[in-house]
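Colleague: just a sequence and a predicted model for now, questions to come.
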Amino acid sequence: MQPSLSPAQLPSDTGQLRRVALSGLLGTAVEFYDFLVYGTVAALVFGDLFFPRADPAVGTVAAFGTFAAGYAARPLGGIVFGHFGDRIGRKSMMVLTMALMGCGSFLIGVLPTYATIGVWAPVLLVALRVVQGIAIGGEWGGATLMVVEHAERTQGARRGLWSGFTQLGAPLGSVLSAGVVTLVSALPDDAFRAWGWRVPFLLSVVLLAVGLFVRLRVAESPLFARTAREPGDTPPVVEVLRRPKIVLLAACVGIGAFTAQSLLTGFMISYAVEQGYTRPQVLTAVTVASCVALLVLPTASALSDRVGRRPVVLAGAVASAALAFPVLALVDSGSPGLLILALALGHGVAQSTMYGPLGALLSEMFGTRVRYTGASLGYQAATLLGAGFSPLIASSLLASSDGGSAPVSLLLCGGAAITALTVWRLRETHTDPLDDTPYSPAPTPEGTFR
């Protein structure tokens, strides 16, 4: 199946680019809304509702284990939707992944608990998380590539700036999720456990409806239409995995951002409540940090168009490592004001600086014929390694130790160090044209990067 529109028929005006950027932002907002709602509610009540026979510490670990199950499915989603996105088009995959994400979240909101259906409750919870993970695995790639590839046809390209709008969905989803959970968590504890926790999941259908309305009105990527694949071509995933070093670099460069994101949002809610903060205090801190990110993230994305992707990502990684122990010390202080400062610095500033240029950087590391598959696989491997297992590891370490925050700080430092070391292995890409030329992380014999 080939695209029905030729490149000459595809809109390239700024209005179309804005619609594509809005579509990407809404898709990422749905993704992170679902991600943070699940992480927050899992930290607060899922241990009791779905794993009631475990002791509290083990129940929390089990709840975060279902969280990790969704992440484990993401690389599979990147491969599946990347394959069809590189074969038949970006737009159709974007619509399908958003529908699956929103429906999965809604179904979690109506899922019976252990008290009603016994062991089937956690089984179904894990199944829905896997479906969500597969859908999310294909969502980011389609949304980001549509923006980046449309931006390539505008004057000056500015791929970092425009892809930053897609990345803005992360703090926007965080603000929305924290706001909704703050409202329902103000309910009496019995009401919150009985039905209040379901409300944020059910409300995701509103984001889904708006996102699908916008997404159905955008045009297919012009670069995809120009570089259409033939039915007998080598499958995109095979082409990508023939150069495993590039996929590994793409995965490792994002680990720091996702480690910081998962530890300083969903996991931090559980940790801070255990330290004596109230739920509204913690959710307020997450909301403030996300508002800071709404400013820092597009600034970092736009700056990467001027000075390059590498310096911006490296600056964020160094800041994240330097702030790891101070941030947790501020959290451990017991002061709500210092908690807000800690999350604003660690998540709002350092993490956002790493995350902002990531969409453009990963897109530039793969040729058009395999870009959806390659960028998705690298990105989702980073989310699995950085975000998927970090809360589970941190919870396990804290459960087996004296409760000190050092393991969390060390995880933050470790993720940032992996990103920093990977950046040194990459070459700069912000001035490269988006074409089908294979990426090389090393300079050519003539001494130029190409």
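Modeller: Sure, I can see it.
Colleague: identify the residue nearest residue 50 in space, chain neighbours excluded?
Modeller: Excluding the flanking residues, the one nearest residue 50 by Cβ to Cβ, 6 or more residues apart in numbering is residue 122, at 4.7 Å. Quick note: C-beta positions are derived from backbone N, CA and C, even for glycine.
Colleague: with residue 408 instead?
Modeller: Closest to residue 408 by Cβ to Cβ, 6+ apart is residue 394, at 5.2 Å.
Colleague: so how far is the helix or strand hosting that neighbour off the chain centroid?
Modeller: Element membership of residue 394, judged by DSSP states H and E, is helix 390-399. Chain-centre distance of helix 390-399: 20 Å, with Cα atoms, centre = their mean, to the nearest Å.
Colleague: repeat that for stretch 374-390.
Modeller: 8 Å.
Colleague: ok, the residue lying closest to residue 419 once chain neighbours are set aside - contacts?
Modeller: Spatially, and ignoring its direct neighbours in sequence, residue 419 is nearest to residue 256 (3.1 Å; Cβ to Cβ, 6+ apart). For residue 256, the contact set (Cβ atoms under 8 Å, 6 or more residues apart in numbering) comprises 316, 317, 320, 354, 386, 415, 416, 417, 418, 419, 420.
Colleague: measure the second one to residue 414 for me?
Modeller: This points to residue 317. 11 Å (Cβ to Cβ, to the nearest Å).
Colleague: so these two - more neighbours on which side?
Modeller: A count of neighbours by other Cβ atoms under 10 Å puts residue 317 above the other of residue 317 and residue 414, at 28 against 16.
Colleague: where does the more buried one fall, secondary structure wise?
Modeller: helix 309-332.
Colleague: return the set of buried residues in that helix.
Modeller: Buried residues in helix 309-332, counting neighbours by 16 or more other Cβ atoms under 10 Å, are found at 309-310, 312-321, 323-325, 327-328, 330-332.
Colleague: kindly report the same for stretch 299-307.
Modeller: Buried-residue list, stretch 299-307, by 16+ other Cβ under 10 Å: 300, 301, 302, 303, 304, 305.
Colleague: I'd guessed residue 251 sits against residue 383; true?
Modeller: No: counting by Cβ atoms under 8 Å, residue 251 does not reach residue 383; the two are 9.2 Å apart.
Colleague: quick revisit: from the contacts of residue 256, which single one is nearest residue 366?
Modeller: Residue 366 lies nearest to residue 419 out of the contacts of residue 256, by Cβ to Cβ, at 18.9 Å.
Colleague: just how off-centre is the helix or strand where that closest one lies within its chain?
Modeller: Following DSSP H and E, one finds residue 419 within helix 406-425. Helix 406-425 sits 18 Å away from the centroid of its parent chain (Cα atoms, centre = their mean).
Colleague: could I get the pLDDT score of the nearest residue to residue 221 once chain neighbours are set aside?
Modeller: Of all residues beyond its chain neighbours, the one nearest residue 221 is residue 149 (4.2 Å), with distances taken as Cβ to Cβ, 6+ apart. pLDDT, residue 149: 84.
Colleague: thought residue 149 was touching residue 435?
Modeller: No: Residue 149 lies out of contact with residue 435 (Cβ under 8 Å); the separation is 11.0 Å.
Colleague: overlap in contacts, those two.
Modeller: With Cβ under 8 Å, 6+ apart, residue 149 and residue 435 have common neighbours residue 368.
Colleague: can you put the contacts of residue 256 in JSON lines and add pLDDT and distance to residue 282?
Modeller: Conversion of the contacts of residue 256 to JSON lines gives the following (pLDDT from 0 to 100; distance: Cβ to Cβ, whole Å):
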{"residue": "316", "pLDDT": "97", "distance to residue 282": "24"}
{"residue": "317", "pLDDT": "97", "distance to residue 282": "26"}
{"residue": "320", "pLDDT": "96", "distance to residue 282": "20"}
{"residue": "354", "pLDDT": "95", "distance to residue 282": "23"}
{"residue": "386", "pLDDT": "88", "distance to residue 282": "22"}
{"residue": "415", "pLDDT": "95", "distance to residue 282": "22"}
{"residue": "416", "pLDDT": "96", "distance to residue 282": "23"}
{"residue": "417", "pLDDT": "96", "distance to residue 282": "27"}
{"residue": "418", "pLDDT": "96", "distance to residue 282": "27"}
{"residue": "419", "pLDDT": "97", "distance to residue 282": "26"}
{"residue": "420", "pLDDT": "96", "distance to residue 282": "29"}
